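1. the sequence isn't on hand, but the structure is:
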C-alpha cells in the first residue's frame, strides 16, 4: 500500500514538522551526508516560514478584530437609522417622495401569490418515503 505524503498539509503542523526537520538534520547531518549547504537552506527556509506565518497570524487576528468592530459599528448605525426613519415617517410633512429621496422606503413586493403559478418538478422516490414516519398507510393522508 502506498504511503501518504510525509509533508503535513496544514501550515501550523508544517511549521512544527519543519522545526523538527531542521533540528534533526543538524544532529544527523554527518551520518546521513547532509551538507552545510543543505543545513543553510533548511535554516533559511525555517526563518522565512516563521516570519511569514507569524505575520499572517497577526494579520488574521487584526482582520478578525476589524471585522468585529465593523459589525458593531454597522449594527449601531443601522439601529440609529431605523429609529430616525421611523420618526421621519411619523412626521406630518413626510411623504413617500421624501422617503424615496432619503432611500428609506423599502421595495414593495408586488408578487401576487394568489395568481402565481410556481413550477414544481420532482420524481417519486421509494427511498425517501421508506424512511418517513407515517401515521397512516396512505402517504398522502
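-> Yes, it's here. All of these numbers come straight from a predicted model, not from anything done at the bench.
2. which strands and helices lie in contact with the helix ranked longest in the chain?
-> Identified as the longest helix of the chain according to DSSP state H is helix 36-90. Helices and strands touching helix 36-90, by 3 or more Cβ pairs under 8 Å, 6 or more residues apart in numbering; DSSP states H and E, are helix 11-32, helix 96-102. For the C-beta atoms, the positions are set from N, CA and C on the backbone; glycine is no exception.
3. okay if I get those helices as JSON lines plus mean pLDDT and mean neighbour count?
-> Written out in JSON lines, the entries for the helices and strands packed on helix 36-90 read as follows (pLDDT from 0 to 100; neighbours: other Cβ atoms under 10 Å):
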{"stretch": "helix 11-32", "mean pLDDT": "96", "mean neighbour count": "13"}
{"stretch": "helix 96-102", "mean pLDDT": "96", "mean neighbour count": "12"}
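4. same list (those) but as TSV, adding distance to residue 56.
-> Listed next are the helices and strands packed on helix 36-90 as TSV, based on distance: least, Cβ to Cβ, whole Å:
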stretch	distance to residue 56
helix 11-32	8
helix 96-102	43
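5. of these, which approaches residue 47 most closely?
-> Minimum separation from residue 47 across the helices and strands packed on helix 36-90 (Cβ to Cβ) falls at helix 11-32, 9.6 Å.
6. would you mind getting the angle between that closest one and helix 36-90?
-> In this structure, helix 11-32 runs at an angle of 180 degrees to helix 36-90, with axes from the mean of the first three to the mean of the last three Cα atoms, to 10 degrees as the basis.
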